[in-house]
Structures are given as C-alpha cells and as structure tokens.
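A.B. asks: turn this into a model:
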Amino acid sequence: MAHEVAHSRWCLDKDNLNKEVSRHIDEFICEGSGFYINASNSLSGYYKAALDQAPAGFLEEIFADDFGALIAFRVADRLGVPAWQRAAGVILAFKYMRLFRYLDLLAHRIAKLSAETDAKSFKRKIKVLKKDILNGNTEDIRLYQFREHFIRHRLRIACSRISSYDASDEVKISALIDDYETNTEQPIVLDLIDRLSKRLKFKVWVDLNKKISAHRDGVALVDEMTGWAK
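C.D. replies: Model (predicted):
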C-alpha cells in the first residue's frame, strides 16, 4: 500500500525525488565496489550494467520501494515489532517478489517449448533451462536483484540509527534469510527446474501437449511433470 502511495508522491515532486533516489543509488553502488561476484565482475559493475538496461520509470519504482519499505518499517515500529523482524519482513517481501519473477520466466520458457518440433533442439534448450532462468542477465532478473539488495542497504542504514540494534540482530536477519533460501526458494525454483530438466523428454513433452488442453487440474499436471505426485 505504501509503495503505491509513493507513486503519487513522486508525481508531486518528481525532479527533487529523482535526484534524491539517484544519490541513494550512487551510495549503494559505491558500497558494493569492494565486493566481487567473480574474479572479473564487481558487485558495483554488475548493478551498473543492470541500471544501464533499466526501463523508463525504473527510478520511480526504486523510490516507491524505498518509501514503501521505510513506511512499513516505521508502522511496524509503532506496533512494537523488533527492528530486526521489521527489516527481515521487508527483505523477505522483496525476495518473494523475485521468486515469482523466476517462476514467471520458467512458465514462459516452458510455454515456448510447446512449439518446438525438433527433438535435438528441444533437448538442447532443456539442457540450458536452469542456466537460462538463473542467469542474472536474463531479462529483468538482475533488476529484481538490484531492488532487493538496495532495500537491504537502506534498511541497514535505518537500523544503524536505532540504539538497541546490534550485531546479533544482523545475525538473526541473515539466519532467517538463509532459512528462506534453503527451504523455500531453492525447492521451489532450483529443484523444480532440475526435475523438469530431467523428466521433460521430447516424446513426454509431445504427449503432455496433447493432454494439456484437456487437463482440468493444473496442480495435478505440474505434479505429473515434476514427479512430485509420487
């Protein structure tokens, strides 16, 4: 709700808010300059590349994320929620948003395979399915990662201003996020893609395509495709 309200505020003071959020982004990028994803790619370079391909209106979305997250953080404070739980709740909301984007991409990739008529081409595309979905360069996944990590940066600043907040709270947040990634994100995204990659043979896919239009239970169909029904 606060995110949507922020869009109205943006329209009232677009120029100043554009400068403000750009400054916050620069601070975040600068913070990541000492961290590396791999030997040749720094975190700051990774996100600069993402921003270079960001669509029009992306800064407004970042502002709305920031505004909405901090408003939710303060409202939860008035309700007596500890700072670490407030921060973790907001971060997890963004992680769920990215999770749904992964699943959306997976659905689109699978839908494209329905038109595949060549067995070798089908096998090749299935083989790279996981890499295709999880690759940070794929469509706007990198931008979703940026939004999540930017909010974590902003919440870290907000928490640092709270006298009762300490290093043990950071440990609690990290533990909660690790639990989410291990028990929610990985089974839903990684394990699902692995199962699909292993089970979707060309003949199986052709047979399934014939059944899809007549299959009334979408959940049962997914269970059949992944083997989760067994």
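
A.B. asks: going forward, measure contacts between C-alpha atoms and count neighbours the same way
C.D. replies: Fine.

A.B. asks: nearest spatial neighbour of the residue nearest to the spatial centre of the chain, skipping sequence neighbours?
C.D. replies: Residue closest to the average C-alpha location in the chain (CA atoms, centre = their mean): R98, at 1.9 Å. Spatially, and ignoring its direct neighbours in sequence, R98 is nearest to Y144 (5.8 Å; CA to CA, 6 or more residues apart in numbering).

A.B. asks: next up, the contacts around F63.
C.D. replies: By CA atoms under 8 Å, 6 or more residues apart in numbering, the contact list for F63 reads A6, W10, L17, V21.

A.B. asks: secondary structure element holding it?
C.D. replies: Using DSSP states H and E, F63 maps to helix 58-78.

A.B. asks: now that helix: buried residues?
C.D. replies: By 16 or more other CA atoms under 10 Å, the buried positions in helix 58-78 come out as 59-74, 76.

A.B. asks: burial of A2, as a residue count?
C.D. replies: By the measure other CA atoms under 10 Å, the count of residues near A2 is 15.

A.B. asks: what's the angle between the longest helix anywhere in the chain and helix 58-78?
C.D. replies: Counting by DSSP state H, the longest helix found in the chain is helix 83-113. Orientation of helix 83-113 against helix 58-78 (axes from the mean of the first three to the mean of the last three CA atoms, to 10 degrees) gives an angle of 140 degrees.

A.B. asks: what helices or strands is helix 83-113 leaning on?
C.D. replies: Under the contact criterion of 3 or more CA pairs under 8 Å, 6 or more residues apart in numbering; DSSP states H and E, helix 83-113 touches helix 58-78, helix 129-134, helix 141-160, helix 167-180.

A.B. asks: leaving out sequence neighbours, find the closest residue to F150.
C.D. replies: F28 (6.6 Å).

A.B. asks: which residues touch the host helix or strand of the one you found?
C.D. replies: Using DSSP H and E, the element containing F28 is helix 14-31. Residues outside helix 14-31 that contact it (CA under 8 Å, 6+ apart): W10, L43, S44, Y47, K48, L59, E60, I62, F63, F150, H153.

A.B. asks: list the contacts of L155.
C.D. replies: L70, A87.

A.B. asks: L129 too?
C.D. replies: Going by CA under 8 Å, 6+ apart, L129 touches R109, I193, S197.

A.B. asks: how close does it get to R101?
C.D. replies: As for L129, its distance to R101 is 15 Å (criterion: CA to CA, to the nearest Å).
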